[in-house]
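Visitor: Quick one, fold the following:
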Amino acid sequence: MSATTFKAQGVSLAKKVDVLTNPDLWEQNANLSNRLFEVARELDALKREVAEAEEGEIELIRMVFAMADQRELAALVATARQDAIDDLKRELAQMTAYRNHYKAQAEEWRRKYEVLRAS
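Guide: Have a look, this model is predicted:
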């Protein structure tokens, strides 16, 4: 113990203090040791509580991000699905236009062939 600790406990440094032969100091030492162990146990319990609270907060944050990710993913899927549907509709319209164009052209060539054949 430092000199200030002895002075704080009211022990004079002028005399040599023997903890083993002084019952008051022996009791103070035992009380301080017991209190130190109590504080250590309380600290361990507090650390566990903090760790559990942090774990709960981390899990809550994970759940919030997962929900946000799911909503975002659902929005992306819906957007991608709608984009795919729109692309398919455009392709179908384009293919229908080509088919109608080639069908009209084939009909025109058939008429020309019939005219040439008839003449």
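Visitor: Please make it C-alpha for all contacts and neighbour counts, starting now.
Guide: Will do.
Visitor: And Ala104, how far from Arg48?
Guide: Distance, Ala104 to Arg48, by CA to CA, to the nearest Å: 81 Å.
Visitor: whoops, I mixed them up, Ala78
Guide: 44 Å.
Visitor: As a check, name the ranges of all helices in this protein.
Guide: Using DSSP state H, the helices of the chain run over residues 3-8, 23-118.
Visitor: can you tell me which of the ones you listed the model trusts least?
Guide: Mean pLDDT is lowest for helix 3-8 among those, at a mean of 48.
Visitor: quick one: contacts for the residue minimising distance to the centre of the chain?
Guide: Nearest to the mean C-alpha position of the chain, by CA atoms, centre = their mean, lies Arg62 at 3.5 Å. With contacts defined as CA atoms under 8 Å, 6 or more residues apart in numbering, Arg62 has no neighbours.
Visitor: Renumber starting at 42 from here on
Guide: In the new numbering, first residue 42, that becomes Arg103.
Visitor: what's the distance between it and Leu73?
Guide: In this view, Arg103 and Leu73 are 44 Å apart by CA to CA.
Visitor: Ala134 too?
Guide: As judged by CA to CA, Ala134 and Leu73 stand 89 Å apart.
Visitor: and what of Val105?
Guide: From Val105 to Leu73 the distance is 47 Å (CA to CA).
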